[in-house]
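K.L.:
One predicted model, sequence on top.
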Number of protein chains: 4
Amino acid sequence: MSLLVCRTLRQASGLRPTAKIQPRSVRAASTAAGPAFDWTDPLASKSILTEDELAIAETAERYSQEQLLPRVLQAYRDEHYDPKILEEMGDLGLLGATIEGYGCAGVSTVAGALITRAVERVDSGYRSGMSVQSSLVMGGIYEHGSQEQKEKHLPLMARGKSIGAFGLTEPNHGSDPGSMETVAKPHPTKTGYFSLSGSKTWITNSPIADVLLVWAKLQSTGKIRGFLVERSVCPPGTLETPAIKNKNGLRASITGMIHLDGCPVPEANMFPEVEGLRGPFSCLNSARYGISLGVMGALEDAIARAREYALERKQFKGNPLAKYQLIQKKLADAATDAAYGTLAAIQVGRLKDQGLATPEMISMIKRRNCDVALSNARVLQEIFGGNAVSDEYMIGRHVANLFVTQTYEGQSDIHSLILGRAITGVQAFA
Amino acid sequence: MSLLVCRTLRQASGLRPTAKIQPRSVRAASTAAGPAFDWTDPLASKSILTEDELAIAETAERYSQEQLLPRVLQAYRDEHYDPKILEEMGDLGLLGATIEGYGCAGVSTVAGALITRAVERVDSGYRSGMSVQSSLVMGGIYEHGSQEQKEKHLPLMARGKSIGAFGLTEPNHGSDPGSMETVAKPHPTKTGYFSLSGSKTWITNSPIADVLLVWAKLQSTGKIRGFLVERSVCPPGTLETPAIKNKNGLRASITGMIHLDGCPVPEANMFPEVEGLRGPFSCLNSARYGISLGVMGALEDAIARAREYALERKQFKGNPLAKYQLIQKKLADAATDAAYGTLAAIQVGRLKDQGLATPEMISMIKRRNCDVALSNARVLQEIFGGNAVSDEYMIGRHVANLFVTQTYEGQSDIHSLILGRAITGVQAFA
Amino acid sequence: MSLLVCRTLRQASGLRPTAKIQPRSVRAASTAAGPAFDWTDPLASKSILTEDELAIAETAERYSQEQLLPRVLQAYRDEHYDPKILEEMGDLGLLGATIEGYGCAGVSTVAGALITRAVERVDSGYRSGMSVQSSLVMGGIYEHGSQEQKEKHLPLMARGKSIGAFGLTEPNHGSDPGSMETVAKPHPTKTGYFSLSGSKTWITNSPIADVLLVWAKLQSTGKIRGFLVERSVCPPGTLETPAIKNKNGLRASITGMIHLDGCPVPEANMFPEVEGLRGPFSCLNSARYGISLGVMGALEDAIARAREYALERKQFKGNPLAKYQLIQKKLADAATDAAYGTLAAIQVGRLKDQGLATPEMISMIKRRNCDVALSNARVLQEIFGGNAVSDEYMIGRHVANLFVTQTYEGQSDIHSLILGRAITGVQAFA
Amino acid sequence: MSLLVCRTLRQASGLRPTAKIQPRSVRAASTAAGPAFDWTDPLASKSILTEDELAIAETAERYSQEQLLPRVLQAYRDEHYDPKILEEMGDLGLLGATIEGYGCAGVSTVAGALITRAVERVDSGYRSGMSVQSSLVMGGIYEHGSQEQKEKHLPLMARGKSIGAFGLTEPNHGSDPGSMETVAKPHPTKTGYFSLSGSKTWITNSPIADVLLVWAKLQSTGKIRGFLVERSVCPPGTLETPAIKNKNGLRASITGMIHLDGCPVPEANMFPEVEGLRGPFSCLNSARYGISLGVMGALEDAIARAREYALERKQFKGNPLAKYQLIQKKLADAATDAAYGTLAAIQVGRLKDQGLATPEMISMIKRRNCDVALSNARVLQEIFGGNAVSDEYMIGRHVANLFVTQTYEGQSDIHSLILGRAITGVQAFA
């Protein structure tokens, strides 16, 4: 490529390097006396956060903008996830942050979700990798594991030295885990061991995981139980975790399958008490909560980028796009949804810490926040016109990612029916 | 009409008297240990209200359900507003409730809005009549009036013995009050008096008002000022307040015009200091705030009625409508919007009491809450099928009313542009 | 009311008499050479109509604008339907126009629907009264009646001298007529007579009908059959047809119930052959087809009125509303839906005349056209701002009417499921 | 990867090879007598196509399904466009098909669009490459070129032996080509030559094009003129056409920039007469028309794939997804939009051949059809749940592509304003 071309590509085309968006602390100019409207936090959600929470959010935001943002574009193109990211997060105390003890920070539920929001402001895939580690696996062990299981795994996982995966979904049972086929039976040759067989799919982190929390039906009771499968001790051929490639979204996270073929797992690696769907559902509940505030980060980033583009891009008589009513309405709608979704998520977080949150509340905010993050990101993408097709504008990636967040951990329609059942007392699943 | 017919009309047709909907305190059955999901308050907004606020809401709800609900259907049919309603509200301390002193209760901003929500659960028209009295006129006098004006008017108005109207909108300037044509000039014959001339339209309460807060341009300065026009002392022919009839909505409130033709108003009746649009806008700000929580009441009533209908109405093989996925989704969407809108309004109320609310925040919640109240009420109306056309099902009235709330005190598109300007710093009004 | 007030009400308020909107033939100015875009017919549907069809449409439009428009406002306010309207329509040959012979015009299916569109451009209630007469009753007799039944009823009905009503829907079975409870058994005392008992509701024209086509289950077979109940010969107390008042929409049509209590009906008044739901469904099919083009008339009128208002109404710096992007988008969306819906309805009409139309096609256009007529009318209503609440602007009436068209003759959700079944081969009704 | 893994990946995961969807000719089973509903053509658009058109469509569909479908998945992953595709299309007579003479087929406008629909049923990128060749470049030469230009270029291009690109959009002027900066001035050294300088971006086919139709301002008049830039004779360094990589959509087409730096172009290569925006706009008009039917192909493919998935995928008690109301509604909505959009596009095609189509009509169908293709494809994508993220299900690619079709050749908002201007006579661009 000639020098002429290189220069022009960058300058004339308006293609920009994948820049950090303006600092989050910039505020609209205050009028003489009164308080100022801050478009980055339209309903002043900061006013109901604690000092600690604001400080944690600040740390997570700085790390995400400085360490994650610069590598996300290439990672997404290459479908590459760098496991070192979990170590970095661990060094900052971002993993399993709501857990008390075991080397974890013990922060509030809202603080934990502010971390997910910071990471998801960069990329939903990075947040997914973290959510699996923190909420699904560490959270699962903390809630349901034996004391030995906690002590063995949590400190290492908190530092990102051990990576977790959560094996629930099976190829033929996406929204209906109760029909699971993976089974645990007494190992035919190794005393004190179960033998696990079955397949799981769409498992974030599975190809790089050290510890796989696998849910399987215990043959003797027919009840679902949780098993900690440790890769390092699985005999060859009994555990395979192939990556799923060519994804349409979440390409900066790594996703795979889990194939178990008579894999021996010590009896001591089974969660001691929890039986049935209650086990995985309690983990999902925490993860879904984190998603509900996490996706607000992606939406806020989409707003910030669309706003900046609308102010810089001139059309017709030199007016910035920002001057057009049709553009302003898109921004106003998105900012409103971000503000409302943030308040709702904070409220449920507070209730969770008081023991007052119900799964239906989490269904409500997971569903709505994912839906509005996606729908608004799509509308904001229109502001970029033809330029949206270039990944350097950082908007198409959010759109593609957010579609996935809408479908995983409870597709929106399923949550509609969960809510419908809670409202009417009548179930409509089948 | 034969006896046969009467009986059948009531029974066979499924037409029900305009019943009170189930008590608000009914909760979904609690599961063994955990907290229960309450479809009437899905995100537990009650948990962030004070004891006082809950008690005030209870009083307002009881009055509204017991005293207002039984008369609304006929009032709406007849386009009749009974001024006694304001006296009843005054007796309970519901008027100007956020004002300190002057016979007012001095409750929190949120408490004040819980009153509007209770009244609007019955009818947006009843709420409109109250909002004008409380927020626009009493609030205006309290904020901008002289000590004499406050002492003369507020105690009477608080008891509903004097009725107020707010004259801002003119026939040719709906969304653009800055172009107002009503003028105040020195009275040609009466010393110490202004002479007011001009027309105002769509003025709630004007035909029955005792005190009309009229905004007019002071001829000598060209600046907008506020005037308290007292009907009892206006010479014949100088003040006319004809009612506007045949409205499509808000028929249980009374609406009219104000025609001033050289009406003499004492200089002492002008607000002493406030000039320009800041005067009426600060009043509107309070009224809009009240609307934002008020319309949630209408939406919640629509949800409760649609839910009840869906549970009672059987179609195909005797299944209740509530069993259909398409019905459940409508209910889930509406409940989510009601929950989110309520939390957002409470948050802004708290900020308002701390002096941290901005007009743009109120634009955001007024616009969004009116929009979702209307759009969901329309969708819920579909659940009633052909029966929705009967006014006895109490759903069409909400739909018609809520359209009006979307257009008054700032049509939604105007609020979009206010928000767009706040977000981008660029104005797109013209 | 003083003279001052009267003058101002009309002039200063901008309230206009219920004027005829600009002639439909006005076209956008043609550019030099090329064809011109006609906003009243954006995709030139006229180019696929025949000369005859255009002439019939012209007649129906002139009648509707000259004879129906001037009285609709008062009729709607009063919930009054003037039966003389059917006579007037009969004089012009507008009733049962697609029927061959029996004093009917024998025009194409599309021509018949152009008549409904012309009438519905004024009011959906007027169109409903006509549809019942033409499609449901005359069409039913023509398709299923004996030669004697045709000769006795069709010529009188074609002239509007005899009024029909169609009794299918029962109080407890809106979307599910197969569960009907009305029954016909041998008359206990009158030989050669059936005795009919049962109730029907939401029956357009029932209070003024001379001939009621009632569908009832024949006791001996359990099959649904059609009966022509002639009011003039029913003994007192055996037929009651009370009106249903206080409707939210379609107030310019008359709606009622039908109560049959041992009503004697001659055997010769039963349709000779048709059994089961096929009978009423074939009638509904024709009526639904007419609705699908009819509602386009109401939508087009809403567009024309909103466009005119947007051009006349000035806001901010004297710009007409029409200059605002948010307004233009509303108009563009509505015009597109009107154009698309019109083409789809014409296509199905052509297929119907060739025997190639299926009920699912009619479900598709009835559902979609009613949905878009309603949703666009609602959006266009926003253009009128606060003035929309006055019935003189003629927009709120369309909105209220169109909601009813969406729910009757197959609520939109039901048609979704009919289409879903046709697409997938799987039924999802229960 | 072990054999175990490979087998499971294919079977257990439900991942399917990128199969051809059921033959288009499969029809719903016909009921006894009447016509059958065909979900692939719900409103029987085939009934208004000619035999010739049906045969052309058949040829294009067969080629697309047999030759294009098998390679699209890999091409999209690799962002690779095989120029041989245009030769294959040329061999079948699919290029410039509406042109009379010069080796072109001379078919109807509708037939030409049926070809684009067939190709876009596989991929919008393949269709884009063809549209540029056929509509923008060949169409432009045919309409505006000199006899010599036509004879030189059209026969070669019709056979796909010469590839065209269309250079209009500039980096800073997406929706506003009138502000173009590319300029043509007399060449300083070569007599009879212009010297062209400037940059174009988002140019489909530019990196592989032999003939680039470049629009530039003629310095002497300031008017826009069209120039045929032939790559083979451009001196080194005067023409660069770098590819733009890492696109979010249309990855199976090739897109690039055009940089002209004093590029010498013979005077005989300028279009002889056409001046101003009329030149490029007439080309765009034809291309937009093709898009409007083309995107219906992508939508129809999305419907077919979602329907098949919904029938095969079981959830809860073994019911196929197709049994759920929420799924059926999505399919019904999409099928309706596909049917309506198809009819509208055919109508405008007929008008075009009669000289009766206006640019506004094409704005209307380009905007609406792209909008509904995109919005429905997104909704249908939800049916696939988590599996949608795998590109092998062939749905995410349509979604990503259709977003681009919505933004190019007139972003939807721009077309809204074109329509708004046509409807109101008032322009709102700035």
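P.N.:
Sure thing, it's come through. Numbering: from 1, shown residues only, chains lettered A, B, ... in the order given.
K.L.:
can we go C-alpha only for contacts and neighbour counts from here?
P.N.:
Will do.
K.L.:
Enumerate the residues of the stretch 301-430 of chain A near chain D.
P.N.:
Contact residues (Cα under 8 Å from any Cα of the partner chain) of the stretch 301-430 of chain A with chain D: A:313-317, A:319, A:324, A:326, A:382, A:385-386, A:388-391, A:396-397, A:404, A:407-408, A:411, A:413, A:429-430.
K.L.:
Give me the PyMOL select line for these, limited to the buried ones.
P.N.:
Selection of buried members from these for PyMOL, criterion 16 or more other Cα atoms under 10 Å in any protein chain shown:
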select buried, chain A and resi 313+314+315+316+324+326+382+385+386+388+389+390+391+396+397+404+407+408+411+413+429+430
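K.L.:
so of the residues of the stretch 301-430 of chain A next to chain D, which ones are in helices?
P.N.:
A:Leu326, A:Glu382, A:Gly396, A:Arg397, A:Val404, A:Thr407, A:Asp413 (DSSP state H).
K.L.:
quick one: which of the residues you listed is nearest D:Ile254?
P.N.:
Nearest to D:Ile254 out of these is A:Gly396 (Cα to Cα; 18.4 Å).
K.L.:
Does the closest one touch A:Ala388 like I think?
P.N.:
Yes - at 6.4 Å, A:Gly396 counts as touching A:Ala388 under the criterion of Cα atoms under 8 Å.
K.L.:
Overlap of the contact sets of those two?
P.N.:
Common contacts of A:Gly396 and A:Ala388 (Cα atoms under 8 Å, 6 or more residues apart in numbering or on different chains): A:Gln381, D:Asn248.
K.L.:
Strands of chain A, start to end?
P.N.:
For chain A, the strands defined by DSSP state E cover A:100-101, A:104-105, A:164-167, A:183-186, A:193-204, A:211-218, A:223-230, A:239-240, A:255-266, A:314-315, A:319-320.
K.L.:
So which of the ones in helices among the residues of the stretch 301-430 of chain A next to chain D would count as near chain B as well?
P.N.:
For chain B, the contacts drawn from those by Cα under 8 Å from any Cα are A:Asp413.
K.L.:
measure the closest residue to A:Thr336 other than its chain neighbours to B:Val295 for me?
P.N.:
Computed as Cα to Cα, 6 or more residues apart in numbering or on different chains, the closest residue to A:Thr336 that is not its neighbour in sequence is B:Met364, at 6.6 Å. B:Met364 sits 14 Å away from B:Val295, going by Cα to Cα, to the nearest Å.
K.L.:
So between the two, which is more surrounded?
P.N.:
Under the neighbour definition other Cα atoms under 10 Å in any protein chain shown, B:Met364 and B:Val295 were set side by side, and B:Val295 has more, 35 against 28.
K.L.:
what residues are up against the more buried one?
P.N.:
Contacts for B:Val295 (Cα under 8 Å, 6+ apart) come out as B:Arg117, B:Glu120, B:Arg121, B:Ser124, B:Asn369, B:Cys370, B:Ala373, B:Leu402, B:Thr405.
K.L.:
The third one: what's it in contact with?
P.N.:
B:Arg121 sits next to B:Ser64, B:Gly294, B:Val295, B:Met296, B:Gly297, B:Ala298, B:Leu299, B:Glu300, B:Asp301 when contact means Cα under 8 Å, 6+ apart.
K.L.:
out of those, who's nearest D:Ile346?
P.N.:
Using Cα to Cα, the contacts of B:Arg121 come closest to D:Ile346 at B:Leu299, 43.7 Å.
K.L.:
where's the closest residue to the closest one other than its chain neighbours relative to A:Ser375, distance?
P.N.:
Leaving aside its sequence neighbours, B:Leu299 sits nearest to B:Ala373 (Cα to Cα, 6+ apart; 5.2 Å). Relative to A:Ser375, B:Ala373 is positioned 20 Å away (Cα to Cα).
K.L.:
Next: A:Asn387.
P.N.:
Applying Cα to Cα to A:Asn387 and A:Ser375 gives a distance of 19 Å.
K.L.:
just A:Glu51 next, same as before
P.N.:
Applying Cα to Cα, the value for A:Glu51 to A:Ser375 is 32 Å.
K.L.:
more crowded one of these two?
P.N.:
Remark: of A:Glu51 and A:Ser375, A:Ser375 carries more neighbours, 17 against 11, as counted by other Cα under 10 Å.
K.L.:
pLDDT below threshold where in the stretch 301-430 of chain A?
P.N.:
Across the stretch 301-430 of chain A, nothing is flagged by pLDDT under 70.
K.L.:
So which bits of it are right by chain B?
P.N.:
So the stretch 301-430 of chain A meets chain B at A:307, A:311, A:322-325, A:328-329, A:331-333, A:336, A:340-341, A:343-344, A:347-348, A:355-358, A:360-361, A:364, A:368, A:413, A:416-417, A:419-424, A:426-429 (Cα under 8 Å from any Cα).
K.L.:
Check those for burial and list the buried ones.
P.N.:
Among these, those scoring as buried are A:307, A:311, A:322-325, A:328-329, A:331-333, A:336, A:340-341, A:343-344, A:347-348, A:356-358, A:360-361, A:364, A:368, A:413, A:416-417, A:419-424, A:426-429 (criterion: 16+ other Cα under 10 Å).
K.L.:
Okay, helices next: where are they in chain A?
P.N.:
Under DSSP H, chain A gives helices at A:3-11, A:51-63, A:69-78, A:84-91, A:109-122, A:124-131, A:139-144, A:147-158, A:278-312, A:325-353, A:359-383, A:396-407, A:412-424.
K.L.:
can you give me the offset of the longest one from its chain's centre?
P.N.:
Meaning helix A:278-312. 8 Å (Cα atoms, centre = their mean, to the nearest Å).
K.L.:
Now that helix: buried residues?
P.N.:
Going by neighbour count (16+ other Cα under 10 Å), the buried part of helix A:278-312 is A:279-311.
K.L.:
For A:Gly410, give its distance to D:Ser162.
P.N.:
Separation of A:Gly410 from D:Ser162 (Cα to Cα): 51 Å.
K.L.:
neighbour-wise, which of these two wins?
P.N.:
The neighbour count for A:Gly410 versus D:Ser162, taken as other Cα under 10 Å, is higher for A:Gly410 (22 against 19).
K.L.:
Please name the residues that touch A:Asp52.
P.N.:
Per Cα under 8 Å, 6+ apart, neighbours of A:Asp52: A:Ala111.
K.L.:
The closest residue to A:Ala287 other than its chain neighbours: neighbour count?
P.N.:
Residue nearest to A:Ala287 in three dimensions, not counting chain neighbours: A:Ser135, with 5.1 Å by Cα to Cα, 6+ apart. By the criterion of other Cα under 10 Å, A:Ser135 has 28 neighbours.
K.L.:
Tell me the residues of chain A that contact chain C?
P.N.:
Neighbours of chain C within chain A, by Cα under 8 Å from any Cα: A:Tyr324, A:Gln325, A:Leu326.
K.L.:
What are the phi and psi values at the first one?
P.N.:
As for A:Tyr324, its main-chain torsions (degrees, to the nearest 10) stand at phi -90, psi 140.
K.L.:
In contact with it, which residues are there?
P.N.:
B:Ala428, C:Gln325, D:Ala430.
K.L.:
Okay, it and C:Ala322: tell me how far apart.
P.N.:
With distances taken as Cα to Cα, A:Tyr324 is found 15 Å from C:Ala322.
K.L.:
next one: the last one
P.N.:
Here the criterion is Cα to Cα. By it, A:Leu326 lies 14 Å from C:Ala322.
K.L.:
do A:Ile48 as well
P.N.:
43 Å.
K.L.:
and A:Asp353, how many residues sit next to it?
P.N.:
Counted with other Cα under 10 Å, the neighbours of A:Asp353 add up to 12.
K.L.:
Quick check, it in contact with A:Ser108.
P.N.:
Yes - counting by Cα under 8 Å, A:Asp353 touches A:Ser108, with 7.2 Å between them.
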